[in-house]
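Visitor: Build me a structure from this.
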Amino acid sequence: MEPTLPVVNAEKYDDAALGRAIGEAARGVGFFYLTGHGINSALISAVFDGAHRFFALPVAEKQRQSIRLSPHNRGYVGLRGESLDPARGADNKEAYNVGLELPPDDPGVLAGEPFRGVNLWPDVPGWRETMLAYFDAVWALGRRLHRGIAFDLGLASDFFEDKFDRPMATLRLLHYPANEGGTAAAPLGAGEHTDYGNLTLLMTDEVAGLEVKRRDGGWIPAPHLPSAFVCNIGDCLMRWTNDVYVSTPHRVVSRGGRERYSVAFFLDPNPDAEVACLPTCVTPARPALYPPVSAADYLSSRLDATYAFRQKTLAEPPKL
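Guide: Sure, this is the predicted structure:
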């Protein structure tokens, strides 16, 4: 199937030209394919293999790394443990979150700062090393994209650099079981939602499912494009740009009766980064729409609305 979203080839551009291409997509549909990104194909394959191996484990084994054991958004999210569109019920998926790797004696970890915890790791040989190598590679790519975005927004090229040097980034492995019903009326793999952070870089397998909402309310399929990331603007960057960039609703619908795997990298800023409407995006005709907020407070507010258990105590361990 032909691409239905803009295609941005990163290897063809310097940072300024890359920013212009991203900016055009960000002001329009809010999504784009990214090719020429330089991430090793063998590393991508290894991450998908790791996802298959982990999600094939018994439920009790997966629950030993439950996200309920971490107040820092890390670990395993069980099947139907999330509701991105509460009106449609729980999502038909399971997931695993990996955050910025920090040692137990990191000052932020010791102080209990928000989103400054240690990762939870399953006992799968080579799994940790593979996930961290991929995390670091896509994190570096995301920082390059932000240098382009800074150019596009009329900022210094390094404006975002010190706001993403210790980010609340999340590498998320996703498994969508086969939907035998095969229709949008059946449980959605992921309900209609917008992403919370600045940028999402999603790598998919060949099974279709991702759909992007058009301005008229219809849906655009986002088919697999080999070796390409599907990238989209998140709510935090939309807020930062005073709604100049668009965070577009999307969903995952399994229609073909096949299970689906994907690997998402959500690039959120450092916890203490101030998210305030950028001066280059504020004019007398377009005053600031949002008050300043810390990135950690903003992300916490969004996660609390998604995970009911975050509103309760995390002291009770999950039932195995």
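Visitor: all helices for the stretch 1-150 of the chain, in order.
Guide: Secondary structure of the stretch 1-150 of the chain (DSSP state H, counting those that start in this stretch): helices located at 15-27, 41-55, 59-62, 107-110, 127-152.
Visitor: which sections of this structure are below the confidence cut-off?
Guide: 1-3, 180-187, 256, 305-320 (pLDDT under 70).
Visitor: Strands of the chain, residue ranges please.
Guide: Along the chain, counting by DSSP state E, strands occupy 7-9, 31-35, 75-77, 94-99, 170-176, 190-193, 199-204, 210-213, 219-221, 229-233, 250-252, 260-267, 274-275, 293-294.
Visitor: Out of those, which is closest to residue 55?
Guide: Taking C-beta to C-beta as the criterion, strand 170-176 is the member of these that comes nearest to residue 55, at 4.2 Å. (C-beta placed from N, C-alpha, C; glycine too.)
Visitor: Show me what the closest one is in contact with.
Guide: The list of residues contacting strand 170-176 from outside it, by C-beta atoms under 8 Å, 6 or more residues apart in numbering, reads 47, 50-51, 54-55, 73, 92-99, 131, 134-135, 138, 189-190, 209, 252, 254, 259-266, 268.
Visitor: and it, which residues are buried?
Guide: Residues of strand 170-176 classed as buried: 170, 171, 172, 173, 174, 175, 176 (neighbour count, 16 or more other C-beta atoms under 10 Å).
Visitor: in its sheet, what does it sit against?
Guide: Partner strands and pairing direction for strand 170-176 (DSSP bridges) are strand 94-99 (antiparallel), strand 260-267 (antiparallel).
Visitor: now the angle from the first one to helix 41-55?
Guide: Okay, so that is strand 94-99. Interaxial angle, strand 94-99 versus helix 41-55 (axes from the mean of the first three to the mean of the last three C-alpha atoms, to 10 degrees): 120 degrees.
Visitor: then strand 94-99 to PDB, C-alphas only?
Guide: Provided in PDB are the C-alpha atoms of strand 94-99 (Å, rounded to 0.1, in the frame of the first residue of the first chain):
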ATOM      1  CA  GLU A  94      -0.200  -5.300  26.400                       C
ATOM      2  CA  ALA A  95       2.900  -3.200  26.700                       C
ATOM      3  CA  TYR A  96       6.300  -2.900  28.300                       C
ATOM      4  CA  ASN A  97       7.900   0.500  29.200                       C
ATOM      5  CA  VAL A  98      11.600   1.200  29.500                       C
ATOM      6  CA  GLY A  99      12.800   4.700  30.700                       C
END
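Visitor: can you give me the angle it makes with helix 127-152?
Guide: Going by the same axes, to 10 degrees, strand 94-99 is angled at 70 degrees with respect to helix 127-152.
Visitor: Excluding its own residues, what touches strand 94-99? List them.
Guide: 51, 54-55, 62, 65, 67, 72-79, 81-82, 115, 117, 119, 131-132, 135, 168-175.
Visitor: looking at the helices of the stretch 1-150 of the chain, which is closest to residue 247?
Guide: The nearest among the helices of the stretch 1-150 of the chain, by C-beta to C-beta, is helix 15-27 at 9.2 Å.
Visitor: Please check the contacts of strand 94-99 and keep the buried ones.
Guide: Using 16+ other C-beta under 10 Å, the buried ones in the contacts of strand 94-99 are 51, 54-55, 62, 65, 67, 72-79, 81-82, 115, 117, 119, 131-132, 135, 168-175.
Visitor: Nearest to residue 275, out of the helices of the stretch 1-150 of the chain?
Guide: Closest among these, using C-beta to C-beta: helix 127-152, at 13.6 Å.
Visitor: can you give me how far the closest one is from the chain middle?
Guide: Using C-alpha atoms, centre = their mean, to the nearest Å, the distance from the centre of helix 127-152 to the centre of the chain it belongs to is 12 Å.
Visitor: angle of it against strand 31-35?
Guide: Helix 127-152 runs at 110 degrees relative to strand 31-35, counting by the same axes, to 10 degrees.
Visitor: And helix 127-152, what does it pack against?
Guide: helix 15-27, helix 41-55, strand 94-99, strand 170-176, strand 199-204, strand 260-267 (3 or more C-beta pairs under 8 Å, 6 or more residues apart in numbering; DSSP states H and E).
Visitor: Kindly provide the distance from the spatially closest residue to residue 197 that is not a sequence neighbour to residue 167.
Guide: Counting by C-beta to C-beta, 6 or more residues apart in numbering, residue 197 lies nearest to residue 268, which is 3.7 Å off, once chain neighbours are set aside. Note on residue 268: its distance to residue 167, by C-beta to C-beta, to the nearest Å, is 6 Å.
Visitor: Kindly report the same for residue 70.
Guide: Counting by C-beta to C-beta, the separation of residue 70 from residue 167 is 17 Å.
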